[in-house]
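Asks: structure for this input, please:
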Amino acid sequence: VPPQSREEDYGWVIPGGRLSHSGKSQIREVRRFVEKPQKSQLESIARSGGQWNTLVLIANVQTLWEAGRQCIPEVVLPLEQHSSGIGTSTEYQQLLYLYRSMPTRNFSSDLLALIPQQLHMMELTGVYWSDWGRPERIHETIAFMGRPDLANTNAEHADYPWPGSRQRETVQERMRVATG
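Replies: Residues are numbered from 1 along each chain as shown. Have a look, this model is predicted:
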């Protein structure tokens, strides 16, 4: 998505060469990913035509899995080694053990950033996008929409609306009603 501001806590995609069009959207190569850049990098990213990374993906699962083997084998290989437990009575315990012992990795910086030559991006225009990773982003979206009635009157003191929470469902439902 074309950036509306220079955000340090967003992921960015630096576009490469133009490939084709799909409807009104331009398909491009990906030159590189920059996950949560430092302030000093933002000017260079802007000059390079950097776009916000929405992390909306269309991918072949096998292609992603192979990329995972190449880039983050410490995550993928243990899952493969325990795949025989899937669908068994011990599946839950095996997965719980694996996930607890698995190192933390970032999908964008530890995988996608290492394989830009295998990726393409589609430029989106005419859309409003916000990463709701922080409560204030939700408030900014509501303000942008000009719909203060969507905000919880105690929003500053409310728990963050994590996925699956009743508060998030309420915010999402209010936004669906407001936007039709």
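Asks: surely I27 and H21 touch.
Replies: Yes: I27 lies in contact with H21 (Cβ atoms under 8 Å); the separation is 6.8 Å. C-beta here means a position set from N, CA and C on the backbone, and glycine is covered the same way.
Asks: between those two, tell me which one has more neighbours.
Replies: I27 (14 against 10; other Cβ atoms under 10 Å).
Asks: could you look up the SS state of that one?
Replies: strand (DSSP: H, G, I helix; E, B strand; the rest coil).
Asks: same question, the one 4 residues further on
Replies: Local secondary structure at R31 is given as strand here, using three-state DSSP.
Asks: hmm, P15 and it touching each other?
Replies: Yes: under the criterion of Cβ under 8 Å, R31 makes contact with P15 at 6.4 Å.
Asks: give me the common contacts of the two.
Replies: S48 (Cβ atoms under 8 Å, 6 or more residues apart in numbering).
Asks: lowest average confidence, helix or strand, in this structure?
Replies: Least confident helix or strand, the chain: helix 166-179 with a mean of 54, by mean pLDDT, DSSP states H and E.
Asks: quick one: the most far-flung residue of the chain relative to its centre from Y99, how far?
Replies: Outermost residue of the chain with respect to the C-alpha centroid, by Cα atoms, centre = their mean, is S89; its distance is 33.0 Å. Per Cβ to Cβ, to the nearest Å, S89 is found 18 Å from Y99.
Asks: got the domain ranges for this structure?
Replies: With automatic domain parsing as the criterion, the domains of the chain are listed as 11-58+111-122, 61-108, 135-179.
Asks: how far does the second one stretch from start to finish?
Replies: Start and end residues of domain 61-108 are separated by 16 Å (Cα to Cα, to the nearest Å).
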